[in-house]
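1. Need the 3D shape of this:
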Amino acid sequence: MIRELVSRVSRTLTERRVSPRKKYHMPVKVCFAPEKNAANLRRTSCDDLFLSGETTDLSETGIGFLVSTIRIKEKYLVGQERLLNVELDLPGAKIRMQIRGVRYEKVGIHISTEKYFVGAEIIKIDEEDKATYEYFLENRGQIRRTAATCLELGVE
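-> Numbering: from 1, shown residues only. This is a model prediction of the structure:
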């Protein structure tokens with residue numbers, strides 16, 4: 001009886017501390033954030049080394065996504081405070097953000113369906129993308145129409 005009461009209180013406190021997650025499945029492109037190498041050169045392009053995947057859930061502070069592998073070449077997506085650049089394909093908009101993988105878990109019953117779930121916290125997102133992303137979460141997957149979109153379509 002006491003354990004059950006303590007468990008309920010603990011669960012309630014945890015739920016209030018964490019942003020609510022909403023289930024959305026959409027394409028995601030993941031690559032490593034630029035880092036300095038030995039020659040002090042920075043990689044800026046994600047065009048050659050990236051993973052494609054699918055989101056499972058989104059919140060104001062983090063995202064969860066599935067990918068086919070947990071590393072690109074010899075570098076793991078999660079660990080060593082490694083930052084990742086992510087591009088979310090929302091319906092009608094692309095959102096770019098920088099995240100840090102917090103945990104990962106192998107999912108899938110058979111080797112042919114094996115995938116990795118990655119849970120990540122959002123580190124950086126520019127103001128315009130943040131406004132669009134938060135609007136998307138608050139309005140159940142709807143994208144806000146901007147004045148520029150209305151002008152392009154000829155709608156008032």
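
2. what sits against the residue nearest the centre of the chain?
-> The centre of the chain sits closest to residue 63, judged by CA atoms, centre = their mean, with a distance of 3.6 Å. By CB atoms under 8 Å, 6 or more residues apart in numbering, the contact set of residue 63 is 28, 55, 57, 86, 88, 99, 119-120, 122. C-beta here means a position set from N, CA and C on the backbone, and glycine is covered the same way.

3. can you do 6 Å?
-> Contact analysis of residue 63 by CB atoms under 6 Å, 6 or more residues apart in numbering lists 55, 120.

4. Please tell me how far whichever helix or strand it is part of is from the chain's geometric centre.
-> Residue 63 belongs to strand 62-67 when assigned by DSSP states H and E. Centroid separation between strand 62-67 and its chain, computed with CA atoms, centre = their mean, to the nearest Å, is 5 Å.

5. Phi, psi for the residue nearest to residue 72 when sequence neighbours are not counted please.
-> Closest residue in space to residue 72, ignoring its immediate chain neighbours: residue 49 at 5.3 Å, by CB to CB, 6 or more residues apart in numbering. Main-chain torsions, residue 49, degrees, to the nearest 10: phi -120, psi 100.

6. What's the local residue count around residue 49?
-> 12 (other CB atoms under 10 Å).

7. before we move on, what about the one 10 residues further on?
-> Other residues within reach of residue 59, judged by other CB under 10 Å, total 15.

8. Go ahead and confirm it touches residue 21.
-> Yes. If you go by CB atoms under 6 Å, residue 59 and residue 21 touch, sitting 4.7 Å apart.

9. follow-up on the earlier one: hey, what's the residue nearest to the centre of the chain bridged with?
-> Assessed by DSSP bridges, residue 63 has beta-bridge partners residue 58, residue 120.

10. could you show me where the helices are in this structure, in order?
-> For the chain, the helices defined by DSSP state H cover 2-17, 127-138, 147-153.

11. Neighbours of residue 97, how many?
-> 19.

12. Can you list phi and psi of the closest residue to residue 134 other than its chain neighbours for me?
-> Nearest residue to residue 134, sequence neighbours excluded (CB to CB, 6+ apart): residue 60, at 6.4 Å. For residue 60, the backbone dihedrals (degrees, to the nearest 10) come out as phi -70, psi -30.
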